[in-house]
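[1] Sequence plus the predicted model coming up.
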Amino acid sequence: CATPIYHVSLLGNLGGVDIVPAGVNSSGQISGTAANAQGDYRAFLYDGSQIKDLGTAGGQQSRGGALNNSGQVAGTAYYDSGTGGVVWQGGSYTAIGGAGTWANAVNNSGQVAGAASYGGDTHATVAAGGAIQDLGTLPGGSWSSAYAINDQGQVVGYGDTSSGRFRAFVWSAEQGIEMLGTLGGSQSYAMAISANGLI
């Protein structure tokens, strides 16, 4: 028998049944969402030895997205009035853009990829330095959301089109939003991008 290449480790939980990891960084920290004993969902950070409840940023529940190598976790808090994008780090949090925002990923520069509501439509966004940039939508579409961002600031996600079907996109400051293809099907979704731009 060959020596195992991978070892499976239990992360633990927050007292509930459900736990869904969403990201891992180069230090082996893991972020995601887990249910507590009351059945409420909370963003979490696993530091290699234990799982920590990141709290709800003043809301009722929260969801943890991806994290960067500094241990910043992007996520979303859920309030009676709606959602709010959040970045957690070291026991505290920073709100990203206020009501009607979502934070899904954060790169090592602290740029946050997500989405925000604009007049009833939802558009993919990048937040940095306290400002949020609207990345727009695909031709004929009214909805888009960003799910990953690399250290070069390239963003990927998906949005609807005039046909009502979803298509993956990549965005950069130089090129703007670009629709990606499919593998012969009618829809595509982009969920991650590497440092060298592989999607």
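    Yep, it's here. This structure is a prediction, so every number in the text was calculated from the model and none was measured. Residues are numbered from 1 along each chain as shown.
[2] what's next to stretch 120-132, contact-wise?
    Residues from elsewhere that reach stretch 120-132, judged by Cβ atoms under 8 Å, 6 or more residues apart in numbering: 85, 96-97, 101, 103, 109-116, 133-137, 142-146, 149, 153, 155, 157, 159, 169, 171, 177. Heads up, the C-betas are built off the backbone N, CA and C, glycines and all.
[3] Which among these count as buried?
    By neighbour count, with 16 or more other Cβ atoms under 10 Å, the contacts of stretch 120-132 hold 85, 96-97, 101, 103, 110-116, 133, 135-137, 142-146, 149, 153, 155, 157, 159, 169, 171, 177 as buried.
[4] Name the nearest residue to Thr101, sequence neighbours excluded.
    Excluding the flanking residues, the one nearest Thr101 by Cβ to Cβ, 6 or more residues apart in numbering is Gly85, at 3.8 Å.
[5] Equivalent analysis for Ile51, please.
    Gly12 (4.5 Å).
[6] hmm, back to that, touching, the residue nearest to Thr101 and Gly114? I think so.
    Yes: Gly85 is in contact with Gly114 according to Cβ atoms under 8 Å; the separation is 5.2 Å.
[7] Give me the common contacts of those two.
    Common neighbours of Gly85 and Gly114 (Cβ under 8 Å, 6+ apart) are Ala74, Thr76, Ile96, Thr101, Trp102, Ala103, Ala127.
[8] Spell out the secondary structure type for the first one.
    Which is Ala74. Using DSSP: H, G, I helix; E, B strand; the rest coil, the structure places Ala74 in strand.
[9] Let me know whether Gly110 touches Gln72 as I believe.
    Yes: between Gly110 and Gln72 there is a contact at 6.7 Å, judged by Cβ under 8 Å.
[10] Quick check: neighbours shared by those two?
    Contacts common to Gly110 and Gln72, judged by Cβ under 8 Å, 6+ apart, are Val87.
[11] By mean pLDDT, point me to the weakest helix or strand of this structure.
    Within the chain, confidence by mean pLDDT, DSSP states H and E is lowest for strand 92-99 among all helices and strands, at a mean of 93.
[12] got a list of contacts for that strand?
    Counting by Cβ under 8 Å, 6+ apart, residues outside strand 92-99 touching it are 54-55, 57, 74, 79, 81-87, 103, 112, 114, 116, 125, 127, 132.
[13] That strand pairs with which strands, and in what direction?
    For strand 92-99, the paired strands and their directions (DSSP bridges) are strand 82-89 (antiparallel).
[14] Next, the buried residues of stretch 74-92.
    Residues of stretch 74-92 classed as buried by neighbour count (16+ other Cβ under 10 Å): Ala74, Gly75, Thr76, Ala77, Tyr78, Thr83, Gly84, Gly85, Val86, Val87, Trp88, Gln89.
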